[in-house]
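Novice: Here is a sequence together with a model predicted from it:
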Amino acid sequence: MAHYTKREAKEWARENMRGHWSTAITPFSPDGEIYAAGLQSNMRHWLKIGGQGIGITWLTGEFWSLTIEERKRVCETLWTAECAALANDAGRPIGG
C-alpha cells in the first residue's frame, strides 16, 4: 500500500514527469514471441530522440495480450546493463 497522499503524488509528478513520456512498444517475431533485439532497439531510439520517461508494460497497447511472464520478460529485457547505462548516461533512469 502506498504511503503518500494524493497531494504528495501530484507534487512529485509535477516536479519529475516533464518532457516527452511514452509507452514502450513491444515488437514480436513472426512466431509470436517477444522480439528482444527489437525492444532494445526501440529503447535506444527513444533515448536518442530525447525521451524523458518511458512506461514499460503500462496498461495500454499489447499489455492485455501478454502473460505475466511475458510482461516480466519485457521489463527484464529493457532493464539490461546496456539500456540502463544508456538511460543513465542520458540522465533518464528507466523503471518498470
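Specialist: Good, I have the coordinates.
Novice: Which stretches in the chain count as strands?
Specialist: Along the chain, the stretches classed as strands by DSSP state E are 21-23, 53-55.
Novice: can you list contacts of the last one?
Specialist: It stands for strand 53-55. Residues outside strand 53-55 that contact it (CB atoms under 8 Å, 6 or more residues apart in numbering): 17, 19-24, 43, 46, 92, 94. All C-beta spots, glycine's among them, are computed from the backbone N, C-alpha and C.
Novice: The same query, at a cut-off of 6 Å, please.
Specialist: Contacting residues not belonging to strand 53-55 are listed as 21-24 [CB atoms under 6 Å, 6 or more residues apart in numbering].
Novice: From Thr5, how far off is the residue most central in space within the chain?
Specialist: Centroid-nearest residue in the chain: Ile56, 3.1 Å away (criterion: CA atoms, centre = their mean). According to CB to CB, to the nearest Å, Ile56 stands 26 Å off from Thr5.
Novice: And the buried ones among the contacts of strand 53-55, selectable in PyMOL?
Specialist: The following PyMOL line selects those of the contacts of strand 53-55 that are buried, judged by 16 or more other CB atoms under 10 Å:
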select buried, resi 24
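Novice: any chance of the contacts of strand 53-55 in JSON lines, plus distance to Gly51?
Specialist: Formatted as JSON lines, the contacts of strand 53-55 follow (distance: CB to CB, whole Å):
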{"residue": "Trp21", "distance to Gly51": "7"}
{"residue": "Ser22", "distance to Gly51": "6"}
{"residue": "Thr23", "distance to Gly51": "11"}
{"residue": "Ala24", "distance to Gly51": "10"}
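Novice: Return the closest of the contacts of strand 53-55 with respect to Arg71.
Specialist: Nearest to Arg71, judged by CB to CB, of the contacts of strand 53-55 is Ala24 at 11.0 Å.
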